[in-house]
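> Give me a model of this one.
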Amino acid sequence: MTVPAVALLRARAAEIDAMLARLDDADAAVRSDRADGTADDEHDPEGSTLSGEWQRIDALQRALAAERAEIAAALERVDAGTYGICVVCGQPIPTARLEVRPMATTCVACAG
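Next up is the predicted model:
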């Protein structure tokens, strides 16, 4: 197990959790605005529509949730003692690869 990579995983998980919380707040605000019957954002030339903003928030939430799931799986491998071992060939994943992509499940050769 490479300690720097695990520290990166934990730090990124915390970042994602904070970003997801902010996006949840933004999503709630957009939903509230959409529920307001007087909001006529389709004719506002000053910015994006509420629908567009809602779609942007949803896309970001989905991407971050997927990355968070990858991190959770990597941390489970840490706990199981299999972190840093290629799931295809069983050889160690190079430390440099784990430092760049701490969620990696395959070595460089198997990833290619």
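
> mind listing the helices for the protein?
For the chain, the helices defined by DSSP state H occupy 3-35, 50-80, 95-100, 108-111.

> Throw the ones you listed into JSON lines and include mean pLDDT and distance to residue 87, thanks.
Where C-beta positions appear, they are placed from N, C-alpha and C, glycine not excepted. Formatted as JSON lines, the entries for those read as follows, by pLDDT from 0 to 100; distance: least, C-beta to C-beta, whole Å:
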{"stretch": "helix 3-35", "mean pLDDT": "90", "distance to residue 87": "16"}
{"stretch": "helix 50-80", "mean pLDDT": "94", "distance to residue 87": "9"}
{"stretch": "helix 95-100", "mean pLDDT": "90", "distance to residue 87": "13"}
{"stretch": "helix 108-111", "mean pLDDT": "94", "distance to residue 87": "8"}
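
> Out of those, flag the one nearest residue 89.
Nearest to residue 89 among the helices of the chain is helix 108-111 (5.5 Å), distances taken as C-beta to C-beta.

> neighbouring contacts of that closest one?
Contact partners of helix 108-111, identified using C-beta atoms under 8 Å, 6 or more residues apart in numbering, comprise 86, 88-89, 93-94, 97, 104.

> Please pick the buried ones from the residues you listed.
Buried members of the contacts of helix 108-111, counted by 16 or more other C-beta atoms under 10 Å: 86, 93-94, 97, 104.

> residues near residue 96, how many?
Other residues within reach of residue 96 by the criterion other C-beta atoms under 10 Å amount to 11.

> Over to the one 5 residues further on?
When counting by other C-beta under 10 Å, one arrives at 16 neighbours for residue 101.

> For it, report the pLDDT, please.
Note for residue 101: predicted pLDDT of 91.

> again, but for residue 106
pLDDT for residue 106: 97.
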